[in-house]
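> structure for the following, please:
(chains A and B, ligands or ions: 2)
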Amino acid sequence: MGISIEVNVNGEKRHSEVDARLLLVHYLRDTLGLTGTHVGCDTSNCGACTVLVDGKAVKSCTMLAVQANGAEVKTIEGMAENGELHPLQSSFKEAHGLQCGFCTPGMIMTAANLLERNSNPSEEEIRHALEGNFCRCTGYHNIVKAIQLAAQQLT
Amino acid sequence: MASLIGKPVKRVEDKRFITGKGRYTDDIVLPGMVYAYIIRSPYAHARINSIDTSAATAMDGVVAVFTGKDITGITGVPTGWQVNFKNGDTMKEPPHPLIVADKVRHMGDNVAVVIATSKELARDAADMVEVDYEELDAVADAVKAVAAGAPLVHDDVPNNIAFDFELGDKAKTDEMMAKADHITTLEFTNQRIIPNAIEPRCAIGDYNSATDRYTLYTTSQNPHLTRLLMCAFVLGIPEHKVRVVSPDVGGGFGSKIFHYTEEALMIWISQRIGRPVKWNSDRSEAFMTDAHGRDHITKAELGLDSEGNFLALRINTHANLGAYLSTFAPCVPTYLHATLLQGLYTTPAIYIDLTAAFTHTTPVDALRGAGRPEATFLLERIIENAAREIGMDPTELRRKNLIPPFDGVNEPGYQTQVALQYDSGNYEAVLDKALDMFDYKGFRERQKAAKAEGKLLGVGFSTYIEACGIAPSAVVGALGARAGLYESAQVRVQPTGKVSVYTGSHSHGQGHETTFAQIVADKFGINLEDVEVVHGDSEAVAFGMGTYGSRSLAVGGSAIMKSIDKVIQKGAKIAAHKLEANEDDLEFANGAWTVKGTDKSIGFGDIALTAYVPHDYPAGVEPGMDFASFYDPTNFTYPFGAHIAEVEVDKDTGKVKIVRYVAVDDVGNVINPMIVDGQLHGGIAHGIGQALLEGAIYDDDGQLINGSFMDYTMPRADDLPSFEVDRTVTPCPHNPLGVKGAGEAGTIASTPAIVNAVLDALSDYGIKDIKMPLTPERVWRAMQNGK
Ligand code: FES
Ligand code: FES
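Ligands and ions are numbered 1, 2, ... in the order given. Alright, predicted model coming up:
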């Protein structure tokens, strides 16, 4: 009854047999144990589950695991390379862009996609890009600052 | 070594969160763990005629199905505070069962629980459970609930009144009000808001029949308090057999203080089925079951003399407590609200009469600010209207009535009309600084110019004071608290001079692991990396009262300070022996004990090692270097501030845009300004949410209409501006760090500042009030109905 899929997750090929109804977020969390991707809602509004699928920010609760067959998925666990934090990760720390940390992985993945599209976004563009990601802790102030800082470092 | 106190040290906890290695409760998977799905009432009020669980029970993979009838001998979760009626009658405290057996009393009430080997299966099986409900009339509004003939939430609570309450001098208030030249009246609702920490609640019960030990993993702001309530008052199991762990917690804002039914239920189920069991709240469940906040219906009158001096404040409030009394519920509208009605002002007579009502809605309890936002909103809104009515500038009216400065050391604290005594304050200073930052004069000119172009700009002010550092145990005990509100700390110096700190506070975003480490490293003169802060595990930390009411640093930090002192004192004894000096001749600074006036000294690490390898050791001194302390504050702490919002209202759509937001706060001494600013930002956003966007909507049948993120408008990044925050520093005179607390300040101040700003923008329309949240529709309608 399981459907066989092959997904490249954080650079590693994973073969799994999954239920047709399994959401990508649960595949990542429960099947692969990548618990850095979070679940904050059941209506695809909060963005805590955001990952990159073939380079695009996707809410992984809106997608079935089987739809990721053949895709490249990057989660927060795959952002650091060779022990070096991604500039977004270090800038979130530097600018105090996180408090409880629950929204943080989703914020970082969304921001990664933004900076891919627009290497020098204005404050307004950053705020607009984040509208699908909720944070209850920071008031977004330092998240915006963190993304600006990362943008500077990436260019 | 440079001092670490007052420095914006980057947070030590961040690395795990930015790399996906945080460990939240739902990340925990235990061997053999099964999953619980709770069937929730779709009705606000209904009789349960029958529940048929047979089809669900027969399904493959279903471990058990429990209903209220299965849970015998357990009354339910208690409240932690007792506020009796004005006439001395005992507060009504109906049971809050783990699963209801006969009747549901709010949408989301627990009806049955299905346990299965996967989450999906538990949910599928829940669909097979048939519940026969007989729907009954419901009431969701606190004023309607206490009216004659309203449907009763609990059969034995007449008129749905949990208790009534008064504070202040009624006779004097009436007398002063009668003398007033002008009375401003305001009737309003401080609407119900839903906490929505982004991490939903989660609980795992794990019973080990071989050791007869229980472990509860839970999303709690206070694991020890949860353990105490659950063991002693709910399940009757011995505390020493129970471990409660709150690992990383994704925000709380009050909603994770309370001991919830699901926590006790998971422990009970785990014991019954002999396997670990996890319940993880859906967001939809969170909307219906996380305790809500606010929900006051108020009539307020402010009496002024002809010069604008406040003479009297008279208030009547109905507070909605929901269907059951949550852990702190009785204290929020009373001792965290009524006691703050003095604000920063010298009002000589204040009286509040309050009725606390049960309704067929989700329980209401502390939510970021808890009572203090309601008090501040009331004061700052009515003052704003008074200023408009008597034609005085709103900043001048406030200034005229401010309490003069006092430091609480040379000058005594300020005795309010409503029981509290403020610790220290310099209130005009925050107002002046905020006005300066904002350039108020310049604004009025810009406003005029904008108006000429047909644009509606407005400015709104609010000042606030809050009672934090909760709280002196004897005081709260006299007011009905069923627990003390001290904090515990243990500072364990390891043999190599590294330090482990165990705190009863709990961090769910506040950065304790950094702030507390800064204090310890600074006082011991060691590196920040050599200090590790441990919290959230009742097995590791001896005891604790947790984190809420902006208490962690003022109370928890003070407990750590006591242990630090004990370490330094014991170290001096050992150092005196090693240096062959008199203990009194030693001083401790920069990580070493030195004989005053000499270069003879011995370092912290050497003394630590000696304490654990006591070969050459003073007689009569115990080995080891490990000190526990409890700190019980002597007073609350009283942070204060002044906030200013500038808004632009779109004439055609009624949409409010926040142009600038300026905040000057005085939270006493600051250990980590970066973290304090972050707390302010988050708080301000939360309060803006209430002003412009958020509000639970119940219909007359008690249905929560907007119980999802699709319908309940959370503040998003593009709803908010960047904030301009600054501070003044008036140290708290009664705790060793001089700190006051920062977690709730922003929320308390921002809501009225925003509403006042919108009304200022619309000053030509003759509008007295607009109901929160100030949605474009409401603002637009107000403009259409205005002149
Ligand atoms: S969990 Fe995917 S958007 Fe909320
Ligand atoms: S940091 Fe807590 S929700 Fe964003």
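> without its sequence neighbours, what residue ends up closest to B:Val104?
The spatially closest residue to B:Val104, leaving aside those adjacent along the chain, is B:Ser41, at 3.6 Å (C-beta to C-beta, 6 or more residues apart in numbering or on different chains). Yep, even glycine has a C-beta here, placed from its N, CA and C like the rest.
> now swap in A:Gly78 and tell me
Closest residue to A:Gly78 in three dimensions, ignoring its sequence neighbours and counting by C-beta to C-beta, 6+ apart: A:Asn10, at 2.9 Å.
> burial measure for that neighbour, as a count.
Neighbours of A:Asn10 under the rule other C-beta atoms under 10 Å in any protein chain shown: 19.
> who are the contact partners of it?
Neighbouring residues of A:Asn10 by C-beta atoms under 8 Å, 6 or more residues apart in numbering or on different chains: A:Leu34, A:Val73, A:Lys74, A:Thr75, A:Glu77, A:Gly78.
> same question for A:Phe102.
Shown in contact with A:Phe102 (C-beta under 8 Å, 6+ apart): A:His38, A:Gly40, A:Ala48, B:Gly22, B:Tyr24, B:Ala197, B:Ile198, B:Glu199, B:Gly250, B:Gly251.
> which pLDDT value belongs to residue 57?
You didn't say which chain, so I picked chain A. On the pLDDT scale, A:Ala57 is placed at 98.
> should've been chain B
As predicted, B:Thr57 sits at a pLDDT of 98.
> and the closest residue to it other than its chain neighbours, which of the three is it?
Closest residue to B:Thr57 apart from its sequence neighbours, by C-beta to C-beta, 6+ apart: B:Val65 at 5.2 Å. Classification of B:Val65 using DSSP: H, G, I helix; E, B strand; the rest coil returns strand.
> ok, B:Ile315 next?
Assignment for B:Ile315 (three-state DSSP): strand.
> ok, now B:Met176?
Quick answer, by three-state DSSP: B:Met176 is helix.
> from memory it sits against B:Leu311, does it?
Yes: shown here, B:Met176 and B:Leu311 form a contact pair, counting by C-beta atoms under 8 Å, at 4.5 Å.
> any common contacting residues for these two?
With contacts defined as C-beta under 8 Å, 6+ apart, the residues adjacent to both B:Met176 and B:Leu311 are B:Gly303, B:Pro348, B:Ala349.
> the second one against B:Leu304, yeah?
No: under the criterion of C-beta under 8 Å, B:Pro348 lies out of contact with B:Leu304, with a separation of 11.8 Å.
> burial count for the closest residue to chain B within chain A?
Per C-beta to the nearest C-beta, A:Gly36 is where chain A lies closest to chain B, at 2.0 Å. Residues lying near A:Gly36 (other C-beta under 10 Å) number 26.
> what ranges does chain A have for its helices?
Taking DSSP state H to define them, one finds helices in chain A at A:24-26, A:87-94, A:104-117, A:123-129, A:141-154.
> list the contacts of A:Glu6.
With the criterion set at C-beta under 8 Å, 6+ apart, A:Glu6 makes contact with A:Lys13, A:Arg14, A:His15, A:Asn69, A:Gly70.
> can you rerun that using 7 Å?
Taking C-beta atoms under 7 Å, 6 or more residues apart in numbering or on different chains, we find A:Glu6 in contact with A:Lys13, A:His15, A:Asn69, A:Gly70.
> now swap in B:Val409 and tell me
B:Pro733.
> quick revisit: selecting buried members of the shared contacts of B:Met176 and B:Leu311 in PyMOL, what would you type?
In PyMOL, a selection of the buried entries from the shared contacts of B:Met176 and B:Leu311 looks like this (16 or more other C-beta atoms under 10 Å in any protein chain shown):
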select buried, chain B and resi 303+349
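> for the shared contacts of B:Met176 and B:Leu311, could you give me TSV that also reports secondary structure and pLDDT?
As requested, the shared contacts of B:Met176 and B:Leu311 are exported to TSV (DSSP: H, G, I helix; E, B strand; the rest coil; pLDDT from 0 to 100):
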residue	secondary structure	pLDDT
B:Gly303	strand	98
B:Pro348	coil	98
B:Ala349	coil	98
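> which pLDDT does the model give B:Ile684?
The confidence metric pLDDT takes the value 98 at B:Ile684.
> give me the nearest residue to it, chain neighbours excluded.
B:Gly746 (3.8 Å).
> correct me if wrong: the one you found contacts B:Asp677.
No: assessed by C-beta atoms under 7 Å, B:Gly746 is found out of contact with B:Asp677, at 10.0 Å.
> the more surrounded of the two?
The neighbour comparison of B:Gly746 against B:Asp677 (other C-beta under 10 Å) goes to B:Gly746, with 31 against 23.
> how would you label that one: helix, strand or coil?
helix.
> how about it, what does it touch?
B:Ala663, B:Leu680, B:His681, B:Gly682, B:Gly683, B:Ile684, B:His686, B:Gly687.
> is it true that B:Arg372 touches B:Glu466?
Yes: look at B:Arg372 against B:Glu466 with C-beta under 7 Å: they come within range, at 4.5 Å.
> what residues are up against the nearest residue to B:Arg23 once chain neighbours are set aside?
Spatially, and ignoring its direct neighbours in sequence, B:Arg23 is nearest to B:Pro247 (4.9 Å; C-beta to C-beta, 6+ apart). Shown in contact with B:Pro247 (C-beta under 7 Å, 6+ apart): B:Arg23, B:Tyr24, B:Thr25, B:Tyr217, B:Gly536.
> would you mind measuring from B:Pro247 to B:Ala434?
B:Pro247 sits 39 Å away from B:Ala434, going by C-beta to C-beta, to the nearest Å.
> for whatever helix or strand B:Arg388 lives in, packing partners?
Per DSSP states H and E, B:Arg388 falls inside helix B:372-390. The contact analysis (3 or more C-beta pairs under 7 Å, 6 or more residues apart in numbering or on different chains; DSSP states H and E) places helix B:372-390 against strand B:182-193, strand B:293-304, helix B:394-400, strand B:456-465, helix B:745-761.
> pLDDT averaged over the fourth one - what is it?
This means strand B:456-465. 98.
> in its sheet, what does that strand sit against?
If you go by DSSP bridges, strand B:456-465 pairs up with strand B:640-649 (antiparallel).
> returning to that earlier point: and the residue nearest to B:Val104, backbone torsions?
phi -70, psi 130 (degrees, to the nearest 10).
> ok, B:Tyr422 next?
phi -60, psi 150.
> quick one, domains of chain A?
Annotated domains of chain A cover A:3-78, A:87-154 [automatic domain parsing].
> which one of those is the most hemmed in?
Of these, the one with the most neighbours on average (mean count of other C-beta atoms under 10 Å in any protein chain shown) is domain A:87-154, at a mean of 23.
> is it up against ligand 2 anywhere?
Yes: with C-beta under 6 Å from any ligand atom as the criterion, ligand 2 is reached by domain A:87-154 at A:Leu98, A:Gln99, A:Cys100, A:Gly101, A:Phe102, A:Cys103, A:Thr104, A:Cys135, A:Arg136, A:Cys137, A:Thr138.
> could I get those residues as CSV with pLDDT?
Shown next, in CSV, are the residues of domain A:87-154 next to ligand 2 (pLDDT from 0 to 100):
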residue, pLDDT
A:Leu98, 98
A:Gln99, 98
A:Cys100, 98
A:Gly101, 98
A:Phe102, 98
A:Cys103, 98
A:Thr104, 98
A:Cys135, 98
A:Arg136, 98
A:Cys137, 98
A:Thr138, 98
